[in-house]
Structures are given as structure tokens and as C-alpha cells.
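J.: give me a model of this one.
(one chain, ligands or ions: 3)
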Amino acid sequence: MKEIEEILYSEEVVMQKCRELGERITADYEGELLVVGILKGAVPFMAELIKRIDLPIIIDFMDVSSYEGTTTSGEVRILKDLEFRVEGRDVLIVEDIIDTGLTLSYLTEVLKKRGAKSIEICSLLTKPKRRKVFVDTKYVGFEVDDKFVVGYGMDYNEKYRNLPFVGILSEEVYK
Ligand SMILES: O=P(O)(O)OC[C@H]1O[C@H](OP(=O)(O)OP(=O)(O)O)[C@H](O)[C@@H]1O
Ligand code: HPA
Ligand SMILES: [Mg+2]
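T.: Ligands and ions are numbered 1, 2, ... in the order given. Coordinates of the predicted model:
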């Protein structure tokens, strides 16, 4: 595919990472876990990850907005809220990527205020060099450099989410 400069993580590599993360999560919790996916990017990763968690889980979704193209506006708004109450529950937030950290620092604050018993984050990717605010991320798949990546849920203007791998988007696409 000419729009992809380089494949970083193949489907096999991502699946293996989901198995490892799923085993760690299974070992770290007892009883029910509320797994919260952040729409839309988290969907493909979450679908794979939850099959590797051997616990009685409940899944739910939130949708927040902050991004336009490849830059952040720094503004976070809840577009779709959870179906379940988080009070007294162990919550695991699932993301595709942590970039500035603004989305997750906002979301963890919101869920903390609602009285979650515990809140942890599981993200397929993290871009530490781009961080504006600290987010404590217990479960991370891979650390990536400051390149725009797509696939496995991640998009550029809503495209490429369906790619079965994580790849670097060629600069010609957004220049
Ligand atoms: O750490 P941050 O700088 O906040 O950026 C990370 C967030 O941005 C992307 O989602 P986006 O808001 O683009 O929506 P999407 O998941 O629907 O693509 C990504 O899926 C994360 O949720
Ligand atoms: O590299 C990225 N790709 C897709 N979406 C993103 N949101 C933050 N960083 C990225
Ligand atoms: Mg997202």
C-alpha cells in the first residue's frame, strides 16, 4: 500500500501482545472488571484484548472528541457516555494510542469523580515524546516515535482504521 511508509507491527505481533497483556490483566484482578473502550480507535484492539482476559468482564464505551487532522485542539468533550455506573467498580480503560495524554487525563479524572474503585489504562501504543500531561499507564503494548501511525483502529481523517497492522502514514498523504 503506497500510503504506508513502513509497517511497524504486523497482525501476528499485535495478537501476541494482546495475549501477553490479557494474561497480565487476568493475573492482576479478581472478580468483575468494567472494560471501557474509547471510541472509535480502541475498537479493533479491544475486540482482540478482551478475548484474552479470563475474568468476568463487562464492556462499555465512551466517545470523546479532541482531534482534527494530525493536531490536537486540547479540548475534550464527551459525545457518548457510559451505560454502566462506575461507582465501586474496577475500571480498565482501553485505548489505541496515547499522544498528548489530554484525552486520558480528562477521562481518568471524570471516572475518579464518579467513584470508581480503581482505574487503570491499557493502550496498544504510546508516544511518550508527545506528552503534554502525565498519564499513569499500567498496560502498554508498544512505544512509538513521533510519527503519525494508522491501522488497528487508528485513523487519518477517519480512514485506515481497518488495516490489520500498525503502520507509519506517508507524509505525502497529509502534506
Ligand atoms: O493523548 P491524546 O493527545 O489525547 O490523543 C489520543 C486520542 O486521540 C485519538 O482519538 P480521537 O479523538 O482522534 O478519536 P478516534 O478514536 O475516534 O479516532 C486516539 O484514539 C486517542 O483516543
Ligand atoms: O499517530 C496517530 N495516529 C492516529 N491517531 C492519533 N491520535 C494521536 N496520535 C495519532
Ligand atoms: Mg480515540
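J.: now tell me which helix or strand of the chain has the poorest mean pLDDT.
T.: strand 71-80 (a mean of 75; mean pLDDT, DSSP states H and E).
J.: beyond that strand, next helix or strand please.
T.: strand 90-98 (DSSP states H and E).
J.: from what I can see L169 touches M1, true?
T.: No. If you go by C-beta atoms under 8 Å, L169 and M1 don't touch, sitting 10.2 Å apart. C-beta: built from backbone N, CA, C; applies to glycine.
J.: which one of those two has more residues nearby?
T.: L169 (22 against 11; other C-beta atoms under 10 Å).
J.: look up how far ligand 1 lies from the more buried one.
T.: L169 sits 13 Å away from ligand 1, going by C-beta to the nearest ligand atom, to the nearest Å.
J.: what does D155 give?
T.: 5 Å.
J.: skip the chain neighbours and tell me the closest residue to that residue.
T.: R161 (4.8 Å; C-beta to C-beta, 6 or more residues apart in numbering).
J.: kindly report the same for Y106.
T.: V76 (4.3 Å).
J.: and that neighbour, how many neighbours?
T.: Using other C-beta under 10 Å: V76 sits among 17 other residues.
J.: cool, the one 4 residues further on as well?
T.: For K80, the count of nearby residues is 11 (other C-beta under 10 Å).
J.: swap in the one 3 residues further on?
T.: The tally of other residues near E83 (other C-beta under 10 Å) stands at 10.
J.: and it, what is it in contact with?
T.: D60 (C-beta atoms under 8 Å, 6 or more residues apart in numbering).
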